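> okay, predicted coordinates and the sequence, questions at the end:
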Amino acid sequence: MSRPIDITHNPNLRSWVESANQPDTDFPIQNLPFGVFRFPSSGETSRIGVAIGDQILDLFLCCKAGLLQELPEKLQAVCVTSNLNLLMAMGSEAALILRRHLSKLLQWDERSPSAQAMIVPMSDVELLLPADIGDYTDFYAAIFHATNVGKLFRPDNPLLPNYKYVPIAYHGRASSIVLSDTAIQRPKGQIKKPEAPTPSFEPTQMLDYELEVGFFIGAGNELGQPVPIDNAEEHIFGLCLVNDWSARDIQAWEYQPLGPFLAKSFATTISPWVVTLEALAPFRSPAFERAEGDPLPLSYLSSWVNTESGSIDITVEVLVRSAQMRAAGMEPLRLSRGSFQQMYWTVAQMLTHHTSNGCNLRPGDLLASGTISGAEKGSQGCLLEITQRGVQPVELPTGEVRSFLCDGDEVIMRGYCEKEGYARIGFGECRGIVLASQL
């Protein structure tokens with residue numbers, strides 16, 4: 001069931017945090033995403049915060065100052081923990097109660113000296129992973145991406161027979177999930193070049209990014225207890241941006257017969273702020289409309305609510321900036337712009353399918369959508385598609401060309417929601433610079 005639209009989404013709301021009232025901010029008072037931070041030199045433990053403009057509302061300080069005393073005691077207690085796992089575990093009702101309270105606290109007409117003392121400049125802190133991520137699953141939920149990639153290897157049969165029936169996924173590596181701005185070392189691996197009789201072990205020459213949206217599990221489910229489609233979103237806390245770095249030449253040699261392994265597990269980057277489903281309520285949209293002749297989802301993946309409002313209208317972008325561009329003070333080049341509405345499977349369908357065999361998901365687990373690509377030129381979410389496996393390189397403003405990523409390249413991902421009658425909300429950025437292989 002989708003979250004309600006209420007007073008917290010009112011586009012006329014203004015905050016006493018001036019930067020939150022700027023039209024281009026990702027974090028107006030209508031957003032209020034959650035994250036985790038610490039003061040670099042203090043030696044103190046990490047804290048939960050809420051992004052508001054270019055500032056952070058420190059929930060630890062709010063609780064100690066008595067600004068959360070109207071909340072249930074258990075909810076107050078999780079606000080002073082070191083990550084979001086316990087807040088996520090409390091479920092969607094707790095997230096909604098907390099959101100409404102914080103919205104009121106940050107509104108212009110509720111301005112108070114005590115609340116203002118709870119604000120920390122974002123530039124003064126170190127942002128951390130928002131949760132202890134126990135498990136990570138990466139889906140393959142965009143039919144245009146699956147078709148584009150399939151054509152590169154199977155021109156006459158790009159989609160395998162199961163694609164339109166089952167949300168495809170693989171179990172990723174949680175230990176190598178890193179936060180935005182973490183440098184990414186070029187991995188080595190086994191690569192079988194077409195002209196070589198045997199594989200070699202060397203740095204990847206086909207390093208790629210994948211533009212994805214991730215979603216964190218809130219309340220979990222017990223082992224052996226599948227989550228029905230109509231209840232699936234009650235188990236989702238919020239969304240972030242994901243860069244699923246991929247070594248395409250390593251992947252091509254290793255993926256048969258069991259799928260992605262070392263070509264994916266060396267690093268996955270996520271954005272620091274978790275935008276809740278409550279914040280995204282105004283931007284819900286119908287599920288992707290399947291082409292005539294496509295099979296309908298099986299009954300366990302089908303519901304009227306999911307059909308009517310299972311998708312989310314999120315615009316996503318990828319930009320790149322080479323070392324030469326940075327040295328010249330040049331702005332990054334946008335490579336693509338796509339829409340999360342183009343996903344063949346919704347977040348509810350992904351979660352429901354994941355638990356359909358009785359698999360238990362736990363608070364803080366991360367599920368990712370797979371590469372977001374559309375049908376239109378310029379909407380492809382990875383270089384593998386954009387350059388047609390390297391045969392149509394991209395030219396940068398410096399005259400440099402890219403078939404795949406080079407050392408020193410910086411990949412920047414952005415996401416935002418816009419709709420007439422509502423405030424624009426964003427996800428912040430998901431960044432990473434490629435370093436030379438040191439392995």
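Received, thanks.
> could you pull out the buried residues of stretch 65-83?
By neighbour count on 16 or more other Cβ atoms under 10 Å, the buried set for stretch 65-83 is L67, L68, L71, L75, Q76, V78, C79, V80, T81, S82, N83. (Glycine included, C-beta is placed from N, CA and C.)
> pLDDT below threshold where in the stretch 1-150 of the chain?
Where the stretch 1-150 of the chain drops to pLDDT under 70, the residues are 1-2, 110-111.
> may I see the buried residues of the strand or helix carrying Q251?
Assigning secondary structure by DSSP states H and E places Q251 in helix 248-254. Residues R248, D249, I250, Q251, A252, E254 are the ones in helix 248-254 that count as buried (16+ other Cβ under 10 Å).
> alpha carbons of that helix, as PDB, please.
Written as PDB, here are the backbone C-alpha positions of helix 248-254 (Å, rounded to 0.1, in the frame of the first residue of the first chain):
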ATOM      1  CA  ARG A 248      32.700  -6.100 -18.600                       C
ATOM      2  CA  ASP A 249      35.700  -8.200 -19.900                       C
ATOM      3  CA  ILE A 250      36.000 -10.100 -16.600                       C
ATOM      4  CA  GLN A 251      32.200 -10.600 -16.600                       C
ATOM      5  CA  ALA A 252      32.100 -12.000 -20.100                       C
ATOM      6  CA  TRP A 253      34.500 -14.800 -19.200                       C
ATOM      7  CA  GLU A 254      33.300 -15.700 -15.800                       C
END
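> so what does it touch, helix or strand wise?
strand 188-191, helix 262-265 (3 or more Cβ pairs under 8 Å, 6 or more residues apart in numbering; DSSP states H and E).
> cutoff 10 Å now
Under the contact definition 3 or more Cβ pairs under 10 Å, 6 or more residues apart in numbering; DSSP states H and E, helix 248-254 sits against strand 188-191, strand 200-203, strand 207-208, helix 262-265, helix 383-386.
> can you name every helix or strand that the third one contacts?
Think strand 207-208. Where contact means 3+ Cβ pairs under 10 Å, 6+ apart, strand 207-208 is packed against strand 246-247, helix 248-254, helix 383-386.
> how far off centre is it?
Relative to its chain's centre, strand 207-208 lies at 18 Å (Cα atoms, centre = their mean, to the nearest Å).
> name the strands paired with it and say parallel or antiparallel.
Using DSSP bridges, the strands paired with strand 207-208 in its sheet are strand 246-247 (antiparallel).
> average model confidence for the strand it pairs with?
If you average the pLDDT over strand 246-247, you get 98.
> off-centre distance for it?
18 Å.
> what does it rub up against?
186-189, 191, 203-210, 254, 260, 262-268, 371, 382-384, 404 (Cβ atoms under 10 Å, 6 or more residues apart in numbering).
> rerun that using 8 Å as the cut-off
With contacts defined as Cβ atoms under 8 Å, 6 or more residues apart in numbering, strand 246-247 is touched by 187, 189, 204, 206-210, 260, 262-264, 266, 382, 384.
> in PyMOL, how would I select the buried members of the residues you listed?
The buried residues among those can be selected in PyMOL (16+ other Cβ under 10 Å) with this line:
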select buried, resi 187+189+204+206+207+208+209+210+260+262+263+264+266+382+384
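> so which of the contacts of strand 246-247 sits lowest on pLDDT?
P260 (92).
> quick check: closest non-adjacent residue to it.
Closest residue to P260 apart from its sequence neighbours, by Cβ to Cβ, 6 or more residues apart in numbering: Y170 at 5.2 Å.
> also C417?
Nearest to C417 is F283, by Cβ to Cβ, 6+ apart, at 4.2 Å.
> helix or strand: which one has the spatially most central residue of the chain?
The residue lying closest to the centre of the chain (Cα atoms, centre = their mean) is L241, at 2.4 Å. Using DSSP H and E, L241 falls within strand 236-243.
> that strand pairs with which strands, parallel or anti?
Strand 236-243 sits in its sheet next to strand 211-217 (antiparallel), strand 268-270 (antiparallel), strand 275-276 (antiparallel), going by DSSP bridges.
> export those to TSV and tack on mean pLDDT?
Shown next, in TSV, are the strands paired with strand 236-243 (pLDDT from 0 to 100):
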stretch	mean pLDDT
strand 211-217	98
strand 268-270	98
strand 275-276	98
